[in-house]
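**Q** Sequence below, structure please.
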Amino acid sequence: MTDELELPEPEPLESATDRPLSPSVLVLPAVAEPPIDERRPWLERRADRLERAISVPGSATPVYLTTDGVAITTTGIGKSDAATTVAALFATPLLDLSSAYVVSAGIAGGAPDRIALGSVVLADAVVDWDRKHRWDRGEETEGETPPIERLAYRPRDYVHRLEPTLVETALDAAREVDLGDDPDVLAYQRRYPDAPDGGPTVDRGTTLCGDEFWHGPRYAREAAWLCERYGVDPYVTTQMEDAATATALERFDAGKRYLSVRAVSNYDRPAPGESVAESFDGTEATLALAIENAERVGSAVVSELLEVDPLGIR
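**A** Down below sits the predicted model:
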């Protein structure tokens, strides 16, 4: 990435247009600050197509619009930030998202026995990790039922099953992408005896979303248990925004237009001989590779959505 990136100066939405702007795809990375700048590669790739930037009240950062119908902004980290941003964008009269696909694109944690570092996963189900009971049952032995349970007072299961036609269309485009790789990332990955021996791949599966920064095998077992109870096991990736994004979109009757594209930057437990603190963030190389591959695959998916409109919404 270059050090300097010239961006349009954000304008207040009301002064930028006198009629609704209607992008065809809304791209939602979470973060725009180093070292986790998920937004930058999206703007770099589209530097010659950036048309304007607008400030939307309630949005975390400016919305950048391209000449080919793509809008890019960040949600912020976590579920409250994501829900607030998405609701603000959809409630703004001068931003018409009624015919827009919505793509979350960024990094995620992953389970080492299921996915290689740098791999990109398109979610077919999004589980809300925070909607649960956590019990203190006193002394328990290893292997007994985890100290959690599905929320008793729930009108529905807290899992979002994404539109299969849209997921399949996105997967077809994603599987044509040449993913980046890195020998340092592969060397780190091989510290995990159960991890794949090869480089990054494109896959589909369940993503688990929660505001809690959990890490380690005990919590991984609890996460697996919850996904099993919802019938969407095993989880493949973990992140902090997508359940909130999906919930907000459903409130605006846009849930079927949602995709989650996440690249694995770190594993959710330590390697042998490594502490949870040492392994929590992965490495600079794993983070950089995940950010790169999330944008590569996400851009291919966005191009496909612009070209084919798989749900016929435009």
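**Q** use CA for all of it now, contacts and neighbours both
**A** OK.
**Q** for the stretch 101-250 of the chain, what spans make up the strands?
**A** Ranges of strands within the stretch 101-250 of the chain are 101-110, 120-128, 132-134, 148-150, 159-161, 202-209, 235-239, based on DSSP state E, counting those that start in this stretch.
**Q** Out of the ones you listed, which gets nearest to P310?
**A** strand 101-110 (10.0 Å; Cα to Cα).
**Q** Within its sheet, name the partner strands of that closest one and how each one runs.
**A** Taking DSSP bridges as the criterion, strand 101-110 forms sheet pairs with strand 25-28 (parallel), strand 235-239 (antiparallel), strand 258-267 (parallel).
**Q** what's the span of stretch 260-279, first residue to last?
**A** 25 Å (Cα to Cα, to the nearest Å).
**Q** and what of stretch 111-121?
**A** Using Cα to Cα, the two ends of stretch 111-121 sit 12 Å apart.
**Q** neighbouring contacts of it?
**A** Here stretch 111-121 makes contact (Cα atoms under 8 Å, 6 or more residues apart in numbering) with 110, 180-181, 185-186, 189, 192, 194-205, 235-237, 261-269, 286, 289-290, 293-294, 297.
**Q** contacting residues around stretch 55-66?
**A** With Cα under 8 Å, 6+ apart as the criterion, stretch 55-66 contacts 10-13, 23, 46, 49-54, 71-76, 81, 84-86, 88-89, 92.
**Q** In it, which residues are buried?
**A** Judged by neighbour count (16 or more other Cα atoms under 10 Å), stretch 55-66 contains these buried residues: S55, V56, S59, A60, T61, P62, V63, Y64, L65, T66.
**Q** tell me what the helix or strand bottoming out on mean pLDDT in the chain is packed against?
**A** When each helix and strand of the chain is scored by mean pLDDT, DSSP states H and E, helix 13-16 comes last, with a mean of 74. Under the contact definition 3 or more Cα pairs under 8 Å, 6 or more residues apart in numbering; DSSP states H and E, helix 13-16 sits against strand 50-55.
**Q** and the helix or strand following the strand it packs on, which strands flank it?
**A** Where DSSP states H and E defines the elements, the next helix or strand beyond strand 50-55 is strand 63-66. Paired with strand 63-66 in the same sheet, following DSSP bridges, are strand 50-55 (antiparallel), strand 70-72 (antiparallel).
**Q** Save the strands paired with strand 101-110 as a markdown table, and put in mean pLDDT and mean neighbour count too.
**A** Formatted as a markdown table, the strands paired with strand 101-110 follow (pLDDT from 0 to 100; neighbours: other Cα atoms under 10 Å):
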| stretch | mean pLDDT | mean neighbour count |
| --- | --- | --- |
| strand 25-28 | 98 | 26 |
| strand 235-239 | 98 | 26 |
| strand 258-267 | 98 | 29 |
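**Q** among these, which is nearest R218?
**A** With Cα to Cα, the closest approach to R218 among the strands paired with strand 101-110 belongs to strand 258-267: 13.7 Å.
**Q** Show the low-confidence segments of this protein, by residue range.
**A** Scanning the chain for pLDDT under 70 picks out 1-3, 16, 18, 139-145.
**Q** Residues contacting the top helix by length along it, please?
**A** Across the chain, the helix with the greatest residue count (assigned by DSSP state H) is helix 284-308. Residues from elsewhere that reach helix 284-308, judged by Cα under 8 Å, 6+ apart: 24-25, 36-38, 41-42, 69, 101, 103, 105-107, 117-120, 169-171, 173-174, 177, 179-182, 184-185, 261-266.
**Q** Pull out the buried positions in that helix.
**A** Those buried within helix 284-308 under the rule 16+ other Cα under 10 Å are 285-306.
**Q** related to what we said a few turns ago, would you format the strands paired with strand 101-110 as TSV with distance to Y153 included?
**A** Formatted as TSV, the strands paired with strand 101-110 follow (distance: least, Cα to Cα, whole Å):
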stretch	distance to Y153
strand 25-28	31
strand 235-239	24
strand 258-267	27
